[in-house]
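1. Predicted model and sequence below, questions to follow.
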Amino acid sequence: MITCFDTLIESLSIHYIGNASKNEPCIFSNGPLSLQDEQLAPLALEFFIKPFEKLQESFQFFHTGELRLNEVYHYSKEIFSGNMNPHEASIGIAKHLYQISTHPNIKPGELYIAQLKNILVHGVEREAIGIFKSEIKEPYLKIENDGSSFNLHYELNGINIKKLDKGCLIFNTEEENGYQVMVIDGTNKSSEALYWVDAFLQLKVRNDEFTQTSNLLTVYKNFIAEGVDESIELTRPEKIDLLNRSINYFKEKDQFNLNEFSNEVIGHEHGVKLFMQYKSDYEQRYQTDIADEFSISSTAVKKQARVYKSVLKLDRNFHIYIHGSSELIEKGVDENGRKFYKIYYQEES
């Protein structure tokens, strides 16, 4: 969770980045912007920081060779260490973005590089560098009252501070691992849009407790959905029961333990072996490691719980919500070939 009640913008540089493949210009400002208007800084912070407040997943810089060869990581390190003037570093970052803006569908726009102080990240104050790009312009109407009448004006190329097109926050922590980075790409999800994360920033997901929790729950959900069908016959209620038991485990525990989880939730020797193999295949396929023990992220559990299916849909007539044991529901077929479920309960509410 990010909050910016006491956040200060120590420096802010703005440049224009065109599309290099279309020979559009790259225009650098002569110096950092002066934020003397007392209303301007809070509006800028709302534009820059507000979209990140509910984000939980974080990333880190990487490079296929050496980490120091990652351009944005290099300039961020120079700013944090004080070895380079922030505006000078911002020009280096802008040049790098311009050089990789070669896809014909990449939109031109303004690039903002801000040095930020006192951002709260999960209650801890951090120094950060913000890199933001605005690509979409919108028309705005402005009404003025001169005392006797109203006048109507317009701005065709305004920026909506409620909509940040692209951005990242780089926190001055874990320098040796590529810093902690949060990223937003709100314009589109097509292949050319990946230039922001993949080509410009060069990020990979951090293997923290949020990622570990999310990955394990994803692996388990996929395992129940597709990984057990070939060798273990499970009814739909039994699958829902196994999903519910996994969510309950994560809600009740602070620490995940793979052996404990397998025995308490799956509780079937052959099923446990299948799950271990499925987890191993997932780790190899996506080149990620899921630890056998880790601290559970309650935020990740809440997020994953929303996509866990606990509803048994029967044609278009009935939806049965299963929150407890599958032993209280029986499946059968009557003498006329009609399928049915028999449900046992103690109280009606």
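-> Looks like it came in fine.

2. Return the distance of G65 relative to A89.
-> 21 Å (Cβ to Cβ, to the nearest Å). For every residue, glycine as well, the C-beta is placed using N, CA and C.

3. meant to ask about Y179
-> 14 Å.

4. Now do the same for L217: helix, strand or coil?
-> Assigned with DSSP: H, G, I helix; E, B strand; the rest coil, L217 falls in the helix class.

5. Kindly state the pLDDT recorded for it?
-> Listed pLDDT for L217 reads 91.

6. what's the answer for the one 10 residues further on, then?
-> G227 carries a pLDDT value of 69.

7. And I184, by the same measure?
-> 92.

8. hmm, back to that, which one of Y179 and A89 has more residues nearby?
-> The neighbour comparison of Y179 against A89 (other Cβ atoms under 10 Å) goes to Y179, with 27 against 24.

9. Would you mind measuring from the closest residue to the more buried one other than its chain neighbours to Q56?
-> Using Cβ to Cβ, 6 or more residues apart in numbering and skipping the chain neighbours, the partner closest in space to Y179 is I170 (5.3 Å). Look at I170 and Q56: by Cβ to Cβ, they are 17 Å apart.

10. which of those two has more neighbours?
-> The residue with more neighbours, out of I170 and Q56, is I170; 29 against 17, by other Cβ under 10 Å.

11. who does the more buried one bridge with?
-> When bridges are called by DSSP bridges, I170 pairs up with I129, V181.

12. Return the residues in contact with it.
-> 72, 76, 128-131, 179-181 (Cβ atoms under 8 Å, 6 or more residues apart in numbering).

13. Same question for Y154.
-> 139-142.

14. Name the residues of the helix or strand hosting L141 that are buried.
-> In this assignment (DSSP states H and E), L141 forms part of strand 138-145. For strand 138-145, a neighbour-count test (16 or more other Cβ atoms under 10 Å) marks nothing as buried.

15. Parallel or antiparallel, list what pairs with that strand.
-> strand 150-158 (antiparallel).

16. what is the mean pLDDT for the strand it pairs with?
-> What strand 150-158 shows for mean pLDDT is 88.

17. hmm, who's touching the strand holding L141?
-> By Cβ under 8 Å, 6+ apart, strand 138-145 touches 150-160.

18. Can you name the two of the residues you listed that sit furthest apart?
-> Spanning the widest gap among the contacts of strand 138-145 are F150 and I159, at 24.5 Å by Cβ to Cβ.

19. Pick out whichever of these two has more residues nearby.
-> Remark: of F150 and I159, I159 carries more neighbours, 18 against 8, as counted by other Cβ under 10 Å.
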